[in-house]
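>>> what follows is a predicted protein model with its sequence.
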Amino acid sequence: MTELTTVAHNASLVLYKQKPARVSSTTGDKLDIETSGGTVRVRPKDVLVLHPGPLTSLSALRTLVGEPAEVWELMEGAALPLSDVAELAFGDFTPDSALAVWGWVQEGTYFGGTPSNIVPRSAAQVQATLTQKEARADESRAWEVFLDGLRRGEVSDPRRLADVEALALGRAQKSRTLNALGRPETPENAHALLLSLKVWDETRHPYPARFGAALSAPHLPVPSLPGEERLDLSHLSALAIDDEGSSDPDDALSLERLVLENGEAGWRLWVHVADAAALVAPDGEIDREARKRGATLYLPETTVPMLPEPITGQLGLGLADTSPALSIAVQLSAAFEPQGAEVHLTRIRVTRLTYAEAQRALDAGQPGPLQELAALAVTARTRREAAGAVMLELPEVRVRVRDGEVIITPLPPLQSRAVVQEAMMLAGESVATWAQQRDLPLPFAAQDPPLARVEGEQLAQQWARRKSLSRTRFSPRAGRHAGLGLQAYAQATSPLRRYLDLVVHQQLRAALRGERPLTGAEIAARIAEADLAAGAVRAAERAANRHWTLVYLSRRPGWSGEGVVVERRGAVTTVLLGDLALDVPLTTSTALGEELRLELGEIDLPSLTSRWRVVTDS
């Protein structure tokens, strides 16, 4: 019988990094060993001796199978050295039998221990290991059955697609399933697989989750309105003009004729805004939640509010007989030139109108506040244009999903929209100036001027002008907003829908009540968090709108429409389909500004792309 030794000699069989090796020579306190990868010099303690040899070469080793279960039974729980177990199993202790038995130890079902003391595991341990191995084998077979089904377009176990859904939704970076199918592990490929398997259909999209936007309304306790003194402006006509179906009206307009201190005629424009800061205190639970969300999420199929819904019920302008408001009073000359501003906590009585209703009133030409507001808007726009504002009139649409139907409604450039837009910008400018005069930090909005000014009013020039605009920056210090043509600006008219507007209101309220406002550093911290969240909301909205536009087209095979070439980059041009406000890439040599009729070819919903062909006159 060959005795087991722990000392490695020439031609011994050893284990190095859990793999067999042969000692070729010993040099001082080092061993030269042959491995499957070549010769390596190691320390004796780096190897485990399995057999003293002689082993002529690694290639001389034979693979022995044996019956480990029978040997385990024969050992009856007694520990034995490797040499004895090898003789018990194979009748002789050789390099081949030593390696085979040690393989059983490494596998771990029946044996554990060291070469000098191999210990049979208990019956309970063996049974538990065998049960685990059987479960793993069952799982492996089920996994292969699942994958085979997917290759045929069948889903045997929908729960196994959880990793695919997680990748599609942006909640994971990898997918075991896609990897096993040999497909690139991207969110788009995950989305495509879910569609092809009919686990998802075209009505489901991943974009809010993928961009990290909240998918449900916040449910937090809402306080009651504080009892505080308010300026009663309920005698004024206050018009809240919104899109049809708007459920969160947060601004309204009034216009008063005045006699100024110098005896000349003048005006006071009131921009009334829902007094959100009356219910949302800085750093309260509602405020922190709104900061995480950044903005209300408007999707074609639903709206996810930034604030708890009861707040809109209490503060929405025109939802009750009278409404609490924070009102910005802009003093104007007879020619509608701004002369100063005030800010008040007020109570108003609101009449709600849609843009279409307001436009009909304007078109009728009847004297009244709308006509005067329209004249004010013209003056305000002219003033901004003279200051270098970038004016854009690109096609816009409203995408909505109602009872599964996709409805795309073009939004013409109505005068009624311009009235509201100019009044809101005038209010933002006035608030910024008011705050600067009081050294009150706000999340001021600023924008650098474009590197090159694009002139012209054609669609291609408008497109280039928009692309030339830099991103709006928010800062506790005011700066010029080149795009709007304003020296200072703060968004202040949507505190129910945009978090930084809410911060503006919190600052204005603190100043009006003589309370401590947030510092510039505190404002900067809020900007950093909320602007990132709001960016995710805007990205989700853009992707969702494009998704539903493509769904609309997919239900209309062969749809065709007029487009204009608005951009050229090498061989690829961008064509803007005005009826859909959809830009599509096209390979054509058509010049900028040329009109084309395009017909829909293919749609790739997961990548939000489509292919088109030019329709030529036959």
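Yep, it's here.

>>> my read: residue 266 touches residue 255, true?
No. If you go by C-beta atoms under 8 Å, residue 266 and residue 255 don't touch, sitting 11.2 Å apart. For glycine as for every other residue, the C-beta is placed from the backbone atoms N, C-alpha and C.

>>> out of those two, which sits in the busier spot?
residue 255 (24 against 19; other C-beta atoms under 10 Å).

>>> so that one lies in a strand, does it not?
Yes. Assessed by DSSP: H, G, I helix; E, B strand; the rest coil, residue 255 belongs to a strand.

>>> tell me what it is bridged to.
Residue 255 has these beta-bridge partners by DSSP bridges: residue 269.

>>> can you name every helix or strand that the helix or strand hosting residue 138 contacts?
Per DSSP states H and E, residue 138 falls inside helix 123-151. Contacts defined by 3 or more C-beta pairs under 8 Å, 6 or more residues apart in numbering; DSSP states H and E place helix 123-151 against helix 176-180.

>>> can you tell me what sits against the following helix or strand past the helix it packs on?
The helix or strand immediately downstream of helix 176-180 is helix 187-196, counting by DSSP H and E. For helix 187-196, the surrounding residues in contact (C-beta atoms under 8 Å, 6 or more residues apart in numbering) are 150, 153, 161, 164-165, 167-170, 175, 177-178, 181, 183, 200-202, 206, 210, 604-607.

>>> could I have the helix or strand that helix 187-196 is followed by exported to PDB, CA atoms only?
The helix or strand immediately downstream of helix 187-196 is helix 207-211, counting by DSSP H and E. Extracted in PDB, the C-alpha atoms of helix 207-211 (Å, rounded to 0.1, in the frame of the first residue of the first chain):
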ATOM      1  CA  TYR A 207     -40.900  55.800 -20.300                       C
ATOM      2  CA  PRO A 208     -41.900  57.200 -16.900                       C
ATOM      3  CA  ALA A 209     -40.400  54.300 -15.100                       C
ATOM      4  CA  ARG A 210     -37.300  54.300 -17.400                       C
ATOM      5  CA  PHE A 211     -36.600  57.900 -16.800                       C
END
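
>>> now do the helix or strand following helix 207-211, average pLDDT.
On the C-terminal side of helix 207-211, the closest following helix or strand by DSSP H and E is strand 231-232. The average pLDDT for strand 231-232 rounds to 97.

>>> for strand 231-232, name the packing helices and strands.
strand 338-348.

>>> skip the chain neighbours and tell me the closest residue to residue 427.
Leaving out its chain neighbours, the residue that sits closest to residue 427 by C-beta to C-beta, 6 or more residues apart in numbering is residue 271, at 3.8 Å.

>>> one step back: who touches the next helix or strand after the helix holding residue 138?
Using DSSP H and E, the helix or strand that follows helix 123-151 towards the C-terminus is helix 162-168. Identification of contacts with helix 162-168 by C-beta under 8 Å, 6+ apart yields 172-178, 185-187, 190-191, 193-194, 199-200, 206, 210.

>>> ok, back up a step: tell me the phi and psi of the residue nearest to residue 427?
When read as degrees, to the nearest 10, the backbone of residue 271 gives phi -110, psi 100.

>>> which residue, other than its chain neighbours, is closest to residue 294?
Per C-beta to C-beta, 6+ apart, closest to residue 294 is residue 533, 2.9 Å.

>>> hmm, residue 293 and that neighbour touching each other?
Yes. With contact defined as C-beta under 8 Å, residue 533 counts as touching residue 293 (5.8 Å).

>>> overlap in contacts, those two.
Taking C-beta under 8 Å, 6+ apart as the criterion, residue 533 and residue 293 both touch 213, 499.

>>> what about the top helix by length along the chain, distance to the chain center?
Taking DSSP state H as the criterion, the chain has its longest helix at helix 520-554. Distance of helix 520-554 from the chain centroid (C-alpha atoms, centre = their mean, to the nearest Å) equals 7 Å.

>>> contacting residues around the following helix or strand past it?
Next helix or strand after helix 520-554 toward the C-terminus (DSSP H and E): strand 560-569. Residues outside strand 560-569 that contact it (C-beta under 8 Å, 6+ apart): 459-460, 462-464, 467, 573-580, 583-584, 588, 590-600, 615.

>>> give me that answer again for 7 Å
By C-beta atoms under 7 Å, 6 or more residues apart in numbering, the residues outside strand 560-569 that reach it are 459-460, 463, 573-580, 590-600, 615.

>>> return the subset of the residues you listed lying in strands.
Counting by DSSP state E, the contacts of strand 560-569 place 573, 574, 575, 576, 577, 595, 596, 597, 598, 599, 600 in strands.

>>> can you flag the buried ones in the residues you listed?
The neighbour-count test (16 or more other C-beta atoms under 10 Å) marks 573, 574, 575, 576, 577, 596, 598, 600 as buried among the ones in strands among the contacts of strand 560-569.

>>> the first one reaches residue 588, doesn't it?
Meaning residue 573. Yes. Applying C-beta atoms under 7 Å, one finds residue 573 in contact with residue 588, separated by 5.5 Å.

>>> thinking again about what came up before, list only buried entries from the contacts of helix 187-196.
Applying a neighbour-count criterion of 16+ other C-beta under 10 Å, the buried members of those are 150, 161, 164-165, 167-170, 175, 177-178, 200, 206, 210, 605-606.

>>> now do the most centrally placed residue in the chain against residue 484, distance only.
A centroid search over the chain (C-alpha atoms, centre = their mean) returns residue 211, at 0.8 Å, as the residue closest to the centre. Distance, residue 211 to residue 484, by C-beta to C-beta, to the nearest Å: 27 Å.

>>> check the nearest residue to residue 579 once chain neighbours are set aside and give its pLDDT.
Excluding the flanking residues, the one nearest residue 579 by C-beta to C-beta, 6+ apart is residue 561, at 5.1 Å. Residue 561 is assigned a pLDDT of 95 by the prediction.

>>> end-to-end on stretch 55-62?
Distance across stretch 55-62, first residue to last, is 11 Å (C-alpha to C-alpha, to the nearest Å).

>>> scratch that, stretch 383-394 is what I was asking about
21 Å.

>>> again with stretch 24-34
Across stretch 24-34, the terminal residues are separated by 6 Å (C-alpha to C-alpha).

>>> what's it in contact with?
Contacts made with stretch 24-34 from outside it, assessed by C-beta under 7 Å, 6+ apart, are listed as 8, 10, 14, 16, 21-23, 39-44, 47, 58.

>>> of those residues, which is the nearest to residue 385?
In terms of C-beta to C-beta, no member of the contacts of stretch 24-34 lies closer to residue 385 than residue 40, at 79.0 Å.
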